[in-house]
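Participant: any chance you can model this:
(one chain, ligands or ions: 1)
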Amino acid sequence: MADNWVELRSDTQTKPTAGMRQAMAAAEVGDDTCGEDPTVNRLEARMAELLGKEAAVFACTATQANQMAVWTHCRRGDELLIDETGHIGNYEAGAPAALSGVSVRTVQGQQGLVDVDRLTAALRAPALIYSPTRLLCLENSTNLGGGRTYPLDQLERIGAWAHNRQLKVHLDGARLFNACLARDYQPQVVAQHADTVTICFSKGLGCPMGAILAGSHEDVQSARRARTLFGGALRQAGIPAAACLYALDHHVARLADDHANARRFAAGVAAIPGIRIDVPAVETNLVFFEIDAAWGTAARFAETLAERGIKMYDVGPQRLRACTHLDVDRAGIEHAITAIRDVLART
Ligand SMILES: Cc1ncc(COP(=O)(O)O)c(C=O)c1O
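Facilitator: Below is the predicted model:
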């Protein structure tokens, strides 16, 4: 086993830096459930402003924030619409059904991005035999979709389409800062097309935990109730909130390094025979690629790479995902490319 891993499985693997740990140690705290944690209050106010919303609430995880939004917008028996690869429908343990009694209706988008034509085809006219469609969930940037981002005009059309049909829009912006950087748009410009927005701090922003849900006063008040219901009401949460404030000051602009490393990784592996990759599709910090079946399965390939100190996820029979972040530098990327080339040359 290698001493120094090149950790490309996920940006969730990032560890707090020394500066972030200091910020946590120095955090002023109070009982957040009583609204008395000054650091949490500062984070919530800052995030509401950044996203152009009336209010925001601190949550333990992006999953929790997303599910607080589902609970807020829907009633039992409703359905939500989401791209077939969406995190809320695939990786949140069936929470829409389990926690809110909401069914998930999937739309076949493109790399996790939906458009008005596909949504129109998926939306059913109201009828007694159907569950009412109440909510549209979007992801920006996409995860399983390949780190793709929405053009602003597409988001605008989708937002108008949904609101004209009395649907609420929730944006799962777990990696919204990555999308903003890739598209050169501001968070509030994107957020204006959604009623509620989730931002995650424990991914590329490098915090140990934490997410924000932003929206109207009314929606955030309801989401606070959901947070209590889901066991996520917090006490001296200023400690993790201080890490989030630190990340806003120090870890947003540097996401550009992760994007540059992802592009370098994509270009490097694209030159290796037996690998299929869409290099121009690499917009943010996620790189998906496929190995030829002649080289064995993606799972076996990931195991072989792990023996050489490179960690990444297999996400399909031949498909792998590499994710760049704060704890992977350019040397690690070059090492990973060389290791992949060597492994395939020997297979
Ligand atoms: C798009 C998206 N939304 C939500 C989440 C949930 O984050 P967590 O597992 O930290 O709750 C993830 C996690 O990878 C994600 O990629």
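
Participant: please name the nearest non-neighbouring residue to whatever residue of the stretch 201-347 of the chain ends up closest to the ligand.
Facilitator: When scored by Cβ to the nearest ligand atom, the stretch 201-347 of the chain has Ser202 as its residue closest to the ligand, at 5.4 Å. Where C-beta positions appear, they are placed from N, C-alpha and C, glycine not excepted. Once flanking residues are discounted, Ser202 sits nearest to Met209: 5.3 Å by Cβ to Cβ, 6 or more residues apart in numbering.

Participant: what parts of the stretch 1-150 of the chain come near the ligand?
Facilitator: With Cβ under 6 Å from any ligand atom as the criterion, the stretch 1-150 of the chain comes near the ligand at residues 61-63, 66, 87, 139, 143.

Participant: hang on, the earlier thing: and the residue of the stretch 201-347 of the chain closest to the ligand, what's its pLDDT?
Facilitator: The per-residue pLDDT reported for Ser202 equals 98.

Participant: separation between it and Ala56?
Facilitator: 16 Å (Cβ to Cβ, to the nearest Å).

Participant: how about Cys180?
Facilitator: 17 Å.

Participant: so for these two, which sits in the more crowded spot?
Facilitator: More neighbours surround Ala56 than the other of Cys180 and Ala56, with 25 against 21 (other Cβ atoms under 10 Å).

Participant: which strand residues bridge that one?
Facilitator: Counting by DSSP bridges, Ala56 is bridged to Ala214.

Participant: which residues touch it?
Facilitator: The contact partners of Ala56, by Cβ atoms under 8 Å, 6 or more residues apart in numbering, come to 43-45, 47-48, 212-215, 220.

Participant: of those residues, buried ones?
Facilitator: The neighbour-count test (16 or more other Cβ atoms under 10 Å) marks 43-44, 47-48, 212-215, 220 as buried among these.

Participant: for those residues, work out which two are farthest apart.
Facilitator: Pairwise distances across the buried ones among the contacts of Ala56 peak at 15.6 Å for Leu43 and Gly215 (criterion: Cβ to Cβ).

Participant: show me how the protein divides into domains.
Facilitator: 19-250, 254-346 (automatic domain parsing).

Participant: deepest of those, which one?
Facilitator: Comparing the domains of the chain on average neighbours per residue, with mean count of other Cβ atoms under 10 Å, the densest one is domain 19-250 at a mean of 20.

Participant: any idea how far that domain is from the middle of the chain?
Facilitator: 9 Å (Cα atoms, centre = their mean, to the nearest Å).

Participant: any stretches of this structure with poor pLDDT?
Facilitator: Along the chain, segments meeting pLDDT under 70 span 1-3, 347.

Participant: ok, back up a step: the residue nearest to Ser202: what secondary structure?
Facilitator: Put simply, Met209 is coil when judged by DSSP: H, G, I helix; E, B strand; the rest coil.

Participant: what residues does it make contact with?
Facilitator: Residues near Met209 by Cβ under 8 Å, 6+ apart: 60-61, 201-202, 240, 243.

Participant: quick check: bridge partners of Gly173?
Facilitator: Bridge pairing for Gly173 - DSSP bridges - gives Ile199.
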